[in-house]
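Undergrad: turn this into a model:
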Amino acid sequence: MKLKGREICKGKAIGRLLILDEAFSFLGGVDPKTGLLTVASGREGESVDNRILVFPYGKGSTVGSYTIMELKKNGHLPAAIVNAQAETIVATGAVMAGVPMIDSIDISLLREGDRAVIVGDGLDMMDLVEKKVVTCVLRRKGKILLLKRSQKVGTNKGKWAAVSGYIERGEKPEETALKEVDEETGITSARLEAMAERLRIRDGTYVWSVYPFLFEVADEKVILDWEHTECAWVDPAELDGYETVPGFRKVLEALGL
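TA: Numbers count the residues shown, from 1 in each chain. Purely as a prediction, here's the structure:
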């Protein structure tokens, strides 16, 4: 799976990700003599050597740029740097030391130890597979329809979800949404109320590219297909008793529910 970012310092790199959850300062955050992270980084004792170093954004003194140069001098540079948002100190140091660097990456999709390749402005996640799907939330009198996934489906067996399905080649998401509503529920009164921007949700080695839709429906009987074993109309505020598929609450939030 490839993620497109913004090239800060041109180059190529391959390695495993080392992920820091907080803003990071090279000055004080890493020992330039050893390449080991310090207490200040929250990951004391881990080496940045030949790792693709991932953190939200940089912080601290401009001396941080020269700390990166010291890492280069001592042979302890990271293979590359990936940020959600680059800032001047880290960007300057990366350019000075010739460390490939990109930003504008959704780092919430990345996990410690993932294998990746950086070429230009692209981050190729070697072990991830992207699946494009629709998630269709059906609403009736303020309640939404939950469907319990059967043991015959490929993923998330036994969990609760909305109507969902893969987007086939050549299909538009809207076409897939209407098709899946009909196939999975038998409901014919679905009226499109809202749609949200695509979400990307990490689940193991999959990244689900989810296109969320909200449909208003009339008081029709739900006819389940083989993909589901149960259904329930639930108030969105009362989901705690249901084990839902990863990212389901994000879909509801995106649709304003």
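
Undergrad: beta partners for the closest residue to residue 195 other than its chain neighbours?
TA: Closest residue to residue 195 apart from its sequence neighbours, by Cβ to Cβ, 6 or more residues apart in numbering: residue 213 at 5.0 Å. Any C-beta I mention is one placed from the backbone N, CA and C, and that applies to glycine too. With DSSP bridges as the criterion, residue 213 is bridged to residue 136, residue 195.

Undergrad: pretty sure residue 213 contacts residue 192?
TA: Yes - in this structure, residue 213 is within contact of residue 192 by Cβ atoms under 8 Å, at 6.6 Å.

Undergrad: neighbour count winner among those two?
TA: Neighbours per residue (other Cβ atoms under 10 Å) separate residue 213 from residue 192, with residue 213 holding more: 26 against 14.

Undergrad: next one: that one from residue 175, what distance?
TA: Separation of residue 213 from residue 175 (Cβ to Cβ, to the nearest Å) stands at 11 Å.

Undergrad: over to residue 19?
TA: From residue 19 to residue 175 the distance is 38 Å (Cβ to Cβ).

Undergrad: higher neighbour count, those two?
TA: Neighbours were counted for residue 19 and for residue 175 using other Cβ under 10 Å; residue 19 has more, 18 against 13.

Undergrad: got the domain boundaries for the protein?
TA: 2-125, 129-254 (automatic domain parsing).

Undergrad: please identify the most buried of those.
TA: domain 2-125 (a mean of 18; mean count of other Cβ atoms under 10 Å).

Undergrad: and it, how far from the chain's centre?
TA: Remark: domain 2-125 is offset 19 Å from the chain centroid, using Cα atoms, centre = their mean, to the nearest Å.

Undergrad: quick one: mean pLDDT over it.
TA: For domain 2-125, mean pLDDT is 96.

Undergrad: return the residues in contact with residue 17.
TA: 51-52, 54, 82, 110-116 (Cβ atoms under 8 Å, 6 or more residues apart in numbering).

Undergrad: distance to residue 170 for those - can I get that in TSV?
TA: TSV is the format used below for these (distance: Cβ to Cβ, whole Å):
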residue	distance to residue 170
51	41
52	35
54	35
82	34
110	31
111	32
112	37
113	36
114	31
115	32
116	30
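
Undergrad: dump those to a markdown table, plus distance to residue 205 and secondary structure.
TA: Shown next, in a markdown table, are the contacts of residue 17 (distance: Cβ to Cβ, whole Å; DSSP: H, G, I helix; E, B strand; the rest coil):
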| residue | distance to residue 205 | secondary structure |
| --- | --- | --- |
| 51 | 20 | coil |
| 52 | 18 | strand |
| 54 | 18 | strand |
| 82 | 19 | strand |
| 110 | 13 | coil |
| 111 | 10 | coil |
| 112 | 14 | coil |
| 113 | 12 | coil |
| 114 | 9 | coil |
| 115 | 11 | strand |
| 116 | 13 | strand |
